[in-house]
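In: When you get a sec, could you give me coordinates for this:
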Amino acid sequence: MATRLTRAVTEVERHAAGRGWDQPPRLYALVHTGELLSQERELTMRLGLAGADPTGLTPIEQEALPGDRPLDEVLAGVAWPADVAGCALVLERLMLPPGADADAPTEGDLAAWVANHPGRQEVRIAVGVLRDGSRDAAVRLRAHDTDEDVLSGPALVPSLADALAATLVD
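Out: Now for the predicted structure:
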């Protein structure tokens, strides 16, 4: 059975999939749907959430992330208010097959080497974390771009989940 975090991560990944590939990273606040329903009646009506499951999480897309700084730097500057239950991030990356890093150059342009590697895969990654420590992720390969082929699980992208969890620390 899918958890509410799994459903929220799946929702933001599918939302990103609807926009197509080659999109910038997107950050979402995850709020308790029940609290949103009780505190923001007009907003929930405009968003079509009036009949939503009050035990779920509602993703709220944030402003665009700055594209001129590394993502880890950007995330290090993010802090959420206490009423945000968690957060999610969707981004695209190149992924190499296991063991490919053994052939990586020690000098030169590593990004160019990855971009030209014959075994590279373009992926869309969605990761979500909650204040209670829950984590989940979804990964869609561009070469297998169907909802049925999306991989998911809480341990898929641990370093990104750690960086997101750090944004929730009070």
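
In: right, and the secondary structure at the closest residue to Gly153 other than its chain neighbours would be what?
Out: Spatial nearest neighbour of Gly153, excluding adjacent residues (CB to CB, 6 or more residues apart in numbering): Ala137 at 6.5 Å. C-betas here are computed from N, CA, C, even on glycine. Taken by DSSP: H, G, I helix; E, B strand; the rest coil, the conformation at Ala137 corresponds to strand.

In: Ala137 contacts Asp162, doesn't it?
Out: No: using CB atoms under 8 Å, Ala137 is not in contact with Asp162; the gap is 11.9 Å.

In: These two: which has the busier surroundings?
Out: Ala137 (25 against 12; other CB atoms under 10 Å).

In: After the helix or strand of the chain with the lowest mean pLDDT, which helix or strand is next?
Out: When each helix and strand of the chain is scored by mean pLDDT, DSSP states H and E, helix 41-46 comes last, with a mean of 76. The helix or strand immediately downstream of helix 41-46 is strand 57-61, counting by DSSP states H and E.

In: Quickly run through the sheet partners of that following strand, with directions.
Out: When sheet partners are counted by DSSP bridges, strand 57-61 sits next to strand 26-32 (antiparallel).

In: could you dump the strand it pairs with to PDB, C-alpha only?
Out: Coordinates of each C-alpha in strand 26-32 appear next as PDB, following Å, rounded to 0.1, in the frame of the first residue of the first chain:
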ATOM      1  CA  ARG A  26      11.300  22.300  -9.100                       C
ATOM      2  CA  LEU A  27      10.900  22.500  -5.300                       C
ATOM      3  CA  TYR A  28       7.700  21.700  -3.500                       C
ATOM      4  CA  ALA A  29       6.400  22.300   0.100                       C
ATOM      5  CA  LEU A  30       4.400  19.300   1.300                       C
ATOM      6  CA  VAL A  31       1.500  20.400   3.600                       C
ATOM      7  CA  HIS A  32      -1.100  18.300   5.400                       C
END
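
In: hey, C-alpha coordinates of the helix or strand just after that strand in PDB?
Out: Downstream of strand 26-32, the first helix or strand assigned by DSSP H and E is helix 33-39. This file holds the C-alpha atoms of helix 33-39, laid out as PDB (Å, rounded to 0.1, in the frame of the first residue of the first chain):
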ATOM      1  CA  THR A  33      -4.100  18.400   3.200                       C
ATOM      2  CA  GLY A  34      -6.500  18.500   6.200                       C
ATOM      3  CA  GLU A  35      -4.900  21.600   7.600                       C
ATOM      4  CA  LEU A  36      -5.000  23.200   4.100                       C
ATOM      5  CA  LEU A  37      -8.700  22.300   3.800                       C
ATOM      6  CA  SER A  38      -9.500  23.800   7.200                       C
ATOM      7  CA  GLN A  39      -7.400  27.000   7.000                       C
END
